[in-house]
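J.: My questions are about this predicted structure, shown below with the sequence.
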There are 2 protein chains.
Amino acid sequence: MIHVYVTIILGIIGLIIVFWLRNWVLKQSPGTGRMIDAYSWIKSGARAFLKREFTTITYFIIAIIIALSLLAFNNIIAWQIPVGFLVGALSSLFMAWLGMETATDANVRTTQAARTDPRKALLIAVRGGAVTGLSLMAIALVGIGILYLIFGDPALIVGYGFGASLAALFAQLGGGIYTKSADIGADLVGKVEAELEEDDPRNAAVIADLVGDNVGDCAGRASDLFESFSDNIITMMIVGAFLASIIVPPSEVIYLVELALVLQAMGLVASIIGIFFIGGQDPVKAIYRGFFLTGLILVIGFYIIIELMIPRDILATLSDPTFGFRLWITTMLGMIGSLLTAIIVWYYTGPKNKPVREIASLAKGGPAIDILAGIYWGMESIFPEAIVVAAITIASFYVAAGEFNIFGLSGIKGLFGIATATLGLQTMAGIIQTSDTFGPIVDNADGIATLSGISSEVGTSLEKLDSVGNMTKALTKAYGMASALLTSLSILFALIADYINIALEKGIIPAPEGKITFDYILKIANIHMLIPELLGGLILGVAVPYLFTSWAISGAVRGAFEMVREVRRQFRENPAILKGEALPDYGRAVDISTKYALTEMISPTTLGLFMPILLGTLFDVWVLIAYLIGLKISSALLAVFQFNAGGQLDNAKKLIEIAGRKGTDEHKAAVVGDTFGDPLKDTSGPSLHILIKLSNIFSITMIPYFIWLTINNNLALRLEAAVIIIIVWVILLFIAKRFRPKIELEEAKE
Amino acid sequence: MIHVYVTIILGIIGLIIVFWLRNWVLKQSPGTGRMIDAYSWIKSGARAFLKREFTTITYFIIAIIIALSLLAFNNIIAWQIPVGFLVGALSSLFMAWLGMETATDANVRTTQAARTDPRKALLIAVRGGAVTGLSLMAIALVGIGILYLIFGDPALIVGYGFGASLAALFAQLGGGIYTKSADIGADLVGKVEAELEEDDPRNAAVIADLVGDNVGDCAGRASDLFESFSDNIITMMIVGAFLASIIVPPSEVIYLVELALVLQAMGLVASIIGIFFIGGQDPVKAIYRGFFLTGLILVIGFYIIIELMIPRDILATLSDPTFGFRLWITTMLGMIGSLLTAIIVWYYTGPKNKPVREIASLAKGGPAIDILAGIYWGMESIFPEAIVVAAITIASFYVAAGEFNIFGLSGIKGLFGIATATLGLQTMAGIIQTSDTFGPIVDNADGIATLSGISSEVGTSLEKLDSVGNMTKALTKAYGMASALLTSLSILFALIADYINIALEKGIIPAPEGKITFDYILKIANIHMLIPELLGGLILGVAVPYLFTSWAISGAVRGAFEMVREVRRQFRENPAILKGEALPDYGRAVDISTKYALTEMISPTTLGLFMPILLGTLFDVWVLIAYLIGLKISSALLAVFQFNAGGQLDNAKKLIEIAGRKGTDEHKAAVVGDTFGDPLKDTSGPSLHILIKLSNIFSITMIPYFIWLTINNNLALRLEAAVIIIIVWVILLFIAKRFRPKIELEEAKE
């Protein structure tokens, strides 16, 4: 238990540092006059949206708590689940709020600093980002640590992960729809039709666009990474407990369970050190220094922790003295995986490489060819990523297993190896989120400078920082991808481990002869692809990410359409706006984004809840697992496509701008291409990652219910439950659709 | 054997009818003067392209025959494989040639007939289409029948299927790239920039576009459906032989083996009758009458054949008297599956339904929003299709199995049930292909009328037929989808059945205790998703269709880009063209399409060959099967998306045209959206279907080689073979790239 206390204390120290950083940022000068005006528009817009968004989410949280409590009341699930759910969901929302608040406070101060001291501007942006980056780690460590102290069993903490994931999916989807409907609307009318610059104050959608950066990129992403980080710790604790119960003496089980907490506490310390070493003249070098230092500390720190935490007598019991060392190698494999992913993203979206340059060339053929080029390069980029993920999975399994004959204990060590590989990747979360929040802060700072007419004063210093922001954004995305793919795998093992634990206890599966072996797990885990229901589950799992993407981007696209019409209308009805003699009505644009975000975020989210529970109710847990496997692979690959296609089209547009051909037909084609990619890379792409994790962790939460169904095995009960679930789902979809703004349909003439 | 002779004789009768139909078409008047000019441009363009395409394909056929012969010479595979391969490949090329020749002969005659007798125009187009439709069934039945008579064992005929699939993939890809680079180029410059009508003779790309319809839609699709039809018969014979060897006395094995041939011969007869009943005033009713009649004959005919062909003592041996009846139900399930698919396609792409109307409305927001709307509706359409496929798979399995406890013999009956469901769907191939070829014939006839300036004379009669063509095209696509999904499943079972047969013979797997049961197959077929290599195989299988799509559309897109520049150049350099005073240089445009089609069709095709052989060589047959499962699901769903998104965008454009808003900004946006969807629905979409079948049937062909590797199990041998395969692949990709036209890349400035 000493490890848990240490973790909690380190988490609290992290929170104190966060508090200090936030105060430091707030103490900087926010500038004057028009800057403060612009800042207040953004801040009040973002606050107003988050308030309404949180209200909507709260209804869902309450409904789910009631449902979970009913199950707990009937002894189908444990009482700890709804409690954990509430804490997780509130923490996730708090992270979203904190991410938004800090970013909006930091942006105007970055602008102000850029007028006199570019180095200080960098520092403010980084420290603003660090408030989000460090607090997500610290809050997760403290929250999970305390729940573990109270609940005792890691399987009871899954409610926390479920709450975190659900709130994150809402926050990311709502924010993503908000920001992209504003962004596309602002670009298509502002840049393409009226030929204005980015962030021109005459564009009615400009404030909505800047607000969007904060509620989408900052708030949404903060709760996204928070849930990744939390889910990962919880699942590794479950897998660790399962593994430990098989391979080590009972008195030493806790070492493998608590390993995840301690390694992540190490990650927090390394991130803090890394962040405080960011600084200097050249912003690129400054950021790289922070990354490199954090990585180096982790490589060494992991080795020491694993050496210290896995006592010699565990290794002796296993008659496997190199097991600890091999686990360390798997954490390195996780890191290598994210490095290779970064290289793939760099190749496919970097402005100096063939894909982006070819897309920029093809823009001369008009928007259709530009977009198609983005699609085909984006689709190609999936393949190398798939190879990396497949290779890291296979390698970390066999390295941890230590031999090719995996059907005994070594297969189980292999499963744990995949979990530690994921953890190796997750420990960089703090510094990654720091640099991810850094991007929109600088972007907003630049926007505030344009809006308040001090661009010339600020000069190129913010632009330089912005290009660094774009680089770190690409890195973060690569990291998110690699993390989502691996995390979802280890959650899957947690699911199976948890199922076997409970099913053995209830006596619904045959006990193993002797210790549990991998062979035993393979026999119990009946996920054989020749069984038609399982094949059906797999097919649905591959299909659902497309449906999710469809619903997610339809919100942003329909919102963007109304935004385009609104901005056009304002230009048309009040010609003084374009002359710069009257301010446009920013409020109308903010309203449109808000309306679409709140109504359109609901339907996609329901897919993450109702598909798993429906399959698990109608069939059994194995059909559900086949579904989750299909979902995981398909979501992750589809997200890679969406990120890279979006990023490429964005950078191809920038390439043409840098070449000085703004306003040409090819530039307009490239802007159209960029807006095409926008909802893919910023609305559906990042949400797909959360969809995977939400579906998985919710399934773990529901295992006691699925087992209860198996014990009371009768078709009528299953059908009855399924019908209730479908009715609730349909009602929800109907309500969401009812409140959805209508789009007038084209008449179909003969 | 009597059944085989009957089949061959029916096939020969079919060929005689085809010969008669072709002569009847040729006897019609081809019109005069400018019509014949236009016709000869199209025909000579199409012939010239097919000649060059066939030359390129021949190199591959020769190389593969050499490779197969080397394996046969070393007794690794049977000598029948290379022989069958040659026959299959040549038949497939012949089908492509015949499809093109008949379509080009029928189009001008349809135009001519439309001047005086619209009913006759319908008849010519239908009978022209029937030449392709009926001959594909007849040739397959005769070819497979004769090879079966000579070889004796259905597993030896897979070479035929392999040859057919390989040639089909080349033909579909080459044709698809050709037609779309021409079509996009013609539309983007002609319609959007110069505001010309479709098929305006001033457009330099117009002849290439019309040639493209013939080499893509007619030649490519003919060999596509030919290979589907052949593969399906062969795999059902293999599955039938496997099933029969387990459940019936040896003397009666042939009944289940030959069932596929006889049912398909029935399909040919039904198609002939159906086609001869197409006719009358209203073309929509005329076509529906043919479909309905064919379907009705099949429903009744299947019942009679299954009753007659499965002797009572088989059913008695099985102690399962309703087995025959249940098999008949599964064929009906296959038909219901294609019907449901047609309804889904109708809903998502029909101009009177919400998706297309919403896309047409959103076109007011510009091309990016139009395309995004096409994407999100296209992605949504995947989900209902996935449910249909999953439901048909599960239902046909359990109906044929006859009980829920599937682990004994009934599971094997279940597998056979999935194969018969597929067959139920395939028997409509003849009439489906007839109406599919009907589309481009009418489309071309319309083009010839515009080109030769007799549009006014022809009036609306061809337009009416064209709208029928669009309807049947959507049906064909739906049918192709449903067929690809189910066929690939039954091929998978054929693969496993073939493996078990050979592996038992070679003694590398333990023999069953007593008869083979489904439980035994599940134990042998080690496709358990928790084993990391299998998970890796599944991930790669899901990823490859994206890479394939990327490579397939990149050819069409790059070709379209050069076409756009060429048409623009001709307009710019010779202003007399736009005034109608000089003819454009059609030849240059034809050259561009040809050049891209021939070089860009190679890389995607190699994916279908090298991925399976590489995985099977490096790992074992189970990793390969996991890969094929992933490939199948992902390809089929991705193809549904591509077909529906493309179809919707096309129809949204038409909706705006019908509303009389040609030339407006929203119409231009919709045309851009249409060209975006073009390569998806006509290049990569249909090729993905062939990719699945090629990969599967090639894997069956290579099973003896994989087993040889298992017997000589050593890592060095596997690695050596893998290295050779990779080197050959890389050399091929390098050569394909070397000959590929270059596109100048945008400079990357700082």
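T.: Good, I have the coordinates. Residues are numbered from 1 along each chain as shown, chains lettered A, B, ... in the order given.

J.: contacts, neighbours, all on C-alpha from now
T.: OK.

J.: how about the residues of the stretch 351-500 of chain A that lie near chain B?
T.: Proximity of the stretch 351-500 of chain A to chain B (CA under 8 Å from any CA of the partner chain) is limited to residues A:351-352, A:354, A:357-358, A:360-362, A:365-369, A:371-373, A:375-383, A:386-387, A:389-391, A:393-394, A:397.

J.: what do you get if the cut-off is 6 Å, keeping everything else the same?
T.: Proximity of the stretch 351-500 of chain A to chain B, by CA under 6 Å from any CA of the partner chain, involves residues A:352, A:357-358, A:360-361, A:365, A:368, A:376, A:379-380, A:383, A:390, A:394.

J.: Likewise for chain A?
T.: Applying CA under 6 Å from any CA, we find that chain A lies next to chain B at A:352, A:357-358, A:360-361, A:365, A:368, A:376, A:379-380, A:383, A:390, A:394, A:527-528, A:532, A:536, A:543, A:546-547, A:550, A:561, A:672, A:676, A:745-746, A:748.

J.: Filter those down to the ones in strands?
T.: Using DSSP state E, no member of these sits in strands.

J.: Restricted to helices, list those.
T.: In helices, defined here by DSSP state H, the members of these are A:357-358, A:360-361, A:368, A:376, A:379-380, A:383, A:390, A:394, A:532, A:536, A:543, A:546-547, A:550, A:561, A:672, A:676.

J.: Would you mind checking those residues for buried ones?
T.: Applying 16 or more other CA atoms under 10 Å in any protein chain shown to those, the neighbour count classes A:357-358, A:360-361, A:368, A:376, A:379-380, A:383, A:390, A:394, A:532, A:536, A:543, A:546-547, A:550, A:561, A:672, A:676 as buried.

J.: What is the burial count for residue A:581?
T.: Here the number of neighbours of residue A:581 (other CA atoms under 10 Å in any protein chain shown) works out to 11.

J.: Okay, now the unreliable bits of the stretch 451-600 of chain A?
T.: Counting by pLDDT under 70, the stretch 451-600 of chain A contains low-confidence residues at A:474.

J.: quick one, strands of it?
T.: In the stretch 451-600 of chain A, no strands are defined using DSSP state E, counting those that start in this stretch.

J.: For residue A:132, which three-state class applies?
T.: Classification of residue A:132 into helix, strand or coil gives helix, according to DSSP: H, G, I helix; E, B strand; the rest coil.

J.: residue contacts, it?
T.: Contact criterion CA atoms under 6 Å, 6 or more residues apart in numbering or on different chains gives residue A:99 as the residues in contact with residue A:132.

J.: gap between it and chain B?
T.: With distances defined as CA to the nearest CA, to the nearest Å, the gap from residue A:132 to chain B amounts to 32 Å.

J.: Show me what counts as buried in stretch A:12-25.
T.: Of the residues in stretch A:12-25, those buried (16+ other CA under 10 Å) are A:12, A:14-15, A:17-18, A:21-22, A:25.

J.: Figure out how far stretch A:175-183 is from the centre of its chain.
T.: Per CA atoms, centre = their mean, to the nearest Å, the displacement of stretch A:175-183 from the mean C-alpha position of its chain is 16 Å.

J.: Report the mean per-residue pLDDT for that stretch.
T.: When pLDDT is averaged along stretch A:175-183, the result is 91.

J.: Can I get that stretch in PDB? Just the C-alpha atoms.
T.: The C-alpha atoms that make up stretch A:175-183 are tabulated as PDB, following Å, rounded to 0.1, in the frame of the first residue of the first chain:
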ATOM      1  CA  GLY A 175     -16.400  20.800 -29.000                       C
ATOM      2  CA  GLY A 176     -15.500  19.200 -32.300                       C
ATOM      3  CA  ILE A 177     -18.800  19.900 -33.900                       C
ATOM      4  CA  TYR A 178     -18.800  23.500 -32.500                       C
ATOM      5  CA  THR A 179     -15.300  24.300 -33.700                       C
ATOM      6  CA  LYS A 180     -15.600  22.900 -37.200                       C
ATOM      7  CA  SER A 181     -19.000  24.300 -38.000                       C
ATOM      8  CA  ALA A 182     -17.500  27.700 -37.200                       C
ATOM      9  CA  ASP A 183     -14.200  27.100 -38.900                       C
END
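
J.: Which positions in the helix or strand containing residue A:719 come out as buried?
T.: Counting by DSSP states H and E, the element that carries residue A:719 is helix A:715-739. Taking 16+ other CA under 10 Å as the neighbour-count basis, helix A:715-739 is seen to contain the buried residues A:718, A:721-722, A:725-726, A:729, A:736.

J.: What about the residue in the stretch 1-150 of chain A that chain B sits nearest to, how many residues nearby?
T.: For the stretch 1-150 of chain A, the residue positioned closest to chain B under CA to the nearest CA is residue A:118, at a distance of 20.3 Å. Number of residues near residue A:118 (other CA under 10 Å) recorded here: 24.

J.: what is the mean pLDDT for the helix or strand hosting residue A:238?
T.: Secondary structure assignment for residue A:238, by DSSP H and E: helix A:221-247. Across helix A:221-247, the average pLDDT comes to 85.

J.: how far out from the middle of the chain is that helix?
T.: Between the centre of helix A:221-247 and the centre of its host chain there is 15 Å, according to CA atoms, centre = their mean.

J.: which intervals of chain A have sub-threshold pLDDT?
T.: Counting by pLDDT under 70, the low-confidence segments of chain A come to A:312-313, A:474, A:749-750.
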